[in-house]
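Q: The following block contains a protein sequence and its predicted model.
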Amino acid sequence: MDDDTSPPALLPQPPLAPRRGRGAVANVRHRFETLEREAVDDGWAPPAGTPAGAKTEVAVERARTILSRNDSPDIPFDRAINPYRGCEHGCVYCFARPTHAYLGWSPGLDFETKLVAKVNAVEALRAELSRPGYRVDVVNIGSATDAYQPIERQWKLTRGLLELLLDTRHPVSLVTKGSAVTRDLDILAKLAELDLVAVYVTIPTLDARVARTLEPRAAAPWRRVEIVRELSSAGVPVGVSLAPVIPFITDDQIEHVLEAAAEAGAQAAFYTMLRLPWEVKAVFAQWLEAHFPDRRGKVLHCIEDLRGGRLNDPRFGDRMRGQGIWADLVRQRFHRAARKLGLSQRRIVLETGLFRPPARSRGGPLPEDGRQMPLF
């Protein structure tokens, strides 16, 4: 279904201004709302200045299933785990923001302040891996929201999932921009010894000033380069995700990011072009107005050139790379730099033949080899 609609209207908010520690400037009206709201100046507007960042709230959920499936031809995995809904990193460009609309919340500020922890993620995964018909392939953690966002330090859901995947010898890939990933080096190193893990660190820019507004609660760019170095030094295969490439905001960083990642030990690299599905159009346009008002029109017009005259093109293939002269130029720059630096490998191949199903026990001691105990 084509989601190329006009940007949703804003809910009543103070004048557009950056929020401390947040990516979105305001909440936007999501596509399932039935009420229209219009802001009116009644003379009681708050004083001008930078509005405070909203407080983070975390709700809990018991998920019926934890593996989400996809058949997209331009995604290199068919199953994923997202232990959290919403993401405190606040990346203004996040293509997962529209999923918050299904909860009745805004893809704007709500996405990064109203979070959900799937508290039974480990037991739900155990149940799915135990099914007799389960077929092994690489599972990705962090495809929609970052599994190493700040609240992972408290909830430790990602660590629990990795412990189960190690126990079952199941291959896993991780995509993250959170420094908490290095906390789990002990598990990741053991998975790496069996060729069962690859970690991709997302670095769209090395410009700290841009990153502070683009991804306000993610690790700083220099720290992400160090994450690549720490993972590589521990023997964990690591790649770099140069995502997204944003015209006139991060496109000048392509070669710099790849050079830094290669020097730190990255083995692979891939990139994606900025995507603006559904309400992300409005969130991103607000961000441009608040942080780069002089470039707003230039950036949006270039995105329209990339997307066939629209702000988003949801078609497979084109949605990741764009089309036209500008897209071709980015592709050539990326591949030339990647080849020069030895990063031409896009994905790291993992072992899929070591899987052993988890024990399906309702209690009591488990066999040391992890197999299901006989009933009689």
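A: Cool, the structure landed. Note that this is a predicted model, so its numbers are computed, not measured.

Q: and Pro107, what does it touch?
A: Counting by CB atoms under 8 Å, 6 or more residues apart in numbering, Pro107 makes contact with 28, 30, 97-101, 278-280, 283. Every C-beta, even on glycine, is put in place using the N, C-alpha and C of the backbone.

Q: again, 10 Å this time
A: Neighbouring residues of Pro107 by CB atoms under 10 Å, 6 or more residues apart in numbering: 8, 24, 27-31, 86, 94, 96-101, 277-280, 282-283.

Q: do Arg69 as well
A: Here Arg69 is in contact with 77-80 (CB under 10 Å, 6+ apart).

Q: on that earlier part again, list only buried entries from the contacts of Pro107.
A: The neighbour-count test (16 or more other CB atoms under 10 Å) marks 8, 24, 27-30, 86, 94, 96-101, 277-280, 282-283 as buried among those.

Q: Give the phi and psi angles for Ile141, as a check.
A: With angles defined as degrees, to the nearest 10, Ile141 sits at phi -110, psi 120.

Q: cool, and Lys118?
A: As for Lys118, its main-chain torsions (degrees, to the nearest 10) stand at phi -90, psi 90.

Q: give me the beta-bridge partners of it?
A: Residues in a beta bridge with Lys118, per DSSP bridges, are Glu61.

Q: Just give me the neighbour total for the nearest residue to Pro247 once chain neighbours are set aside.
A: On the basis of CB to CB, 6 or more residues apart in numbering, the spatially nearest residue to Pro247 that is not a chain neighbour turns out to be Cys302, at 3.9 Å. Cys302 sits with 19 neighbouring residues when counted by other CB atoms under 10 Å.

Q: repeat for Val60
A: Neighbours of Val60 under the rule other CB under 10 Å: 10.

Q: Looks like it contacts Ile151 (just checking).
A: No: look at Val60 against Ile151 with CB atoms under 10 Å: they stay out of range, at 11.4 Å.

Q: okay, and the common contacts of those two?
A: By CB under 10 Å, 6+ apart, Val60 and Ile151 have these common neighbours: Ala117.

Q: Span of stretch 106-121 from start to end?
A: Its first and final residues considered, stretch 106-121 spans 24 Å by CA to CA, to the nearest Å.

Q: Packing partners of the helix or strand containing Ser241?
A: Per DSSP states H and E, Ser241 falls inside strand 238-245. Judged by 3 or more CB pairs under 10 Å, 6 or more residues apart in numbering; DSSP states H and E, strand 238-245 is in contact with strand 172-176, strand 197-202, helix 221-233, helix 254-264, strand 268-273, helix 318-321, helix 325-341.

Q: quick one: that strand to helix 221-233, angle?
A: For strand 238-245 against helix 221-233, the angle by axes from the mean of the first three to the mean of the last three CA atoms, to 10 degrees is 150 degrees.

Q: buried sites along strand 238-245?
A: Per 16+ other CB under 10 Å, strand 238-245 contains these buried residues: 238-245.

Q: which one of the residues you listed is nearest Ala290?
A: Nearest to Ala290, judged by CB to CB, of the buried residues of strand 238-245 is Pro244 at 18.6 Å.

Q: Trp287 versus the closest residue to the closest one other than its chain neighbours, what's the distance?
A: Spatial nearest neighbour of Pro244, excluding adjacent residues (CB to CB, 6+ apart): Leu274 at 4.1 Å. Distance of Leu274 to Trp287, computed by CB to CB, to the nearest Å: 12 Å.

Q: can you check Lys298 too?
A: As for Lys298, its distance to Trp287 is 15 Å (criterion: CB to CB).

Q: Have a look at these two and say which one is more surrounded.
A: Trp287 (23 against 13).

Q: now the strands for the protein?
A: 57-61, 67-69, 79-81, 84-85, 114-118, 139-141, 172-176, 197-202, 238-245, 268-273 (DSSP state E).

Q: and the angle from the fifth one to strand 57-61?
A: Counting by the same axes, to 10 degrees, strand 114-118 points 30 degrees away from the direction of strand 57-61.

Q: All set now, cheers.
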